[in-house]
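Q: got a sequence here, can you build the structure:
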Amino acid sequence: MKTLVVCSGGLDSVTLAYKVANEATLTSLLSFDYGQRHVKELDYARTCAEQLGVPHTIIDLSQVGQHLSSSLTPNAHNSDDIPDGHYAESSMQSTVVPNRNAIMMTIAYGLAASQQVEQVALAVHGGDHFIYADCRPDFINAFVAMQKLALEGVADISLYTPFLHKTKADIVTEGTKQGVPFAQTWSCYKGLAQHCGRCGTCVERREAFHLANQVDPTLYEDADFWQSVT
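A: I've put the predicted structure just below:
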């Protein structure tokens, strides 16, 4: 099945891209500049596309992001606004970018219809459910139903979310199986020279490699912080 993968350049979406490339027909990667603090991860998405030999499209949504309140967007002016700790902590609510997935997925479906692609793939996973409402199964199911109506008579596009009920550790296991170069993925919210090791996504990443019993090749500013919050 011809599949477009929404790829941020992070561990989850790069793993999904490799999975699709190995098991289906990967047509392209789609990334978004939504006005996030840094676009470092987009370089990793571009590298992924080059490695897999497919086109890479970046959609500029930075003007939209300027109006969405989140610690990940320009409304927050210094890295101290990004909370440290585990995703299970209530402080992580500040990392929610309102309607981000809904906006991105709608555009992805539009591109898929225009390019006559049969499937859009998204790397949402079970670990996102606690804090991000637009990563939960109910949202995904409702979105698919909405798109069937929106594209009725135009295109019939399915949504592939193989990690929807999986953990981050499961994704590391899958990525190992698919031969993902984990060192060439970026998760950290802070965009420093290397992963900070303290923000929610760094903690989740480090914990996932531990739980999957895999060596984490990532360089962290604080490699041991995760143990104190997990």
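
Q: shouldn't residue 139 be in contact with residue 133?
A: Yes: assessed by C-beta atoms under 8 Å, residue 139 is found in contact with residue 133 at 6.2 Å. Just so you know, the C-beta spots here come from the backbone N, C-alpha and C atoms, and that holds for glycine as well.

Q: C-alpha coordinates for the lowest-mean-pLDDT helix or strand in the chain, PDB please?
A: For the chain, the helix or strand with the lowest mean confidence is helix 62-65, at a mean of 78 (criterion: mean pLDDT, DSSP states H and E). Output in PDB follows, covering the C-alpha atoms of helix 62-65 (Å, rounded to 0.1, in the frame of the first residue of the first chain):
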ATOM      1  CA  SER A  62       5.000  28.800  11.800                       C
ATOM      2  CA  GLN A  63       2.500  31.600  11.500                       C
ATOM      3  CA  VAL A  64      -0.100  29.300  13.100                       C
ATOM      4  CA  GLY A  65       2.200  28.300  15.800                       C
END
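
Q: pull out the buried positions in it.
A: 64-65 (16 or more other C-beta atoms under 10 Å).

Q: after that helix, which helix or strand is next?
A: helix 100-114 (DSSP states H and E).

Q: what sits against residue 158?
A: Residue 158 makes contact with 1, 118-120, 144 under the criterion C-beta atoms under 8 Å, 6 or more residues apart in numbering.

Q: mind giving me the packing neighbours of whichever helix or strand residue 42 is part of?
A: Using DSSP H and E, residue 42 maps to helix 40-52. Applying 3 or more C-beta pairs under 8 Å, 6 or more residues apart in numbering; DSSP states H and E, one finds that helix 40-52 makes contact with helix 11-23, strand 25-33, strand 56-60.
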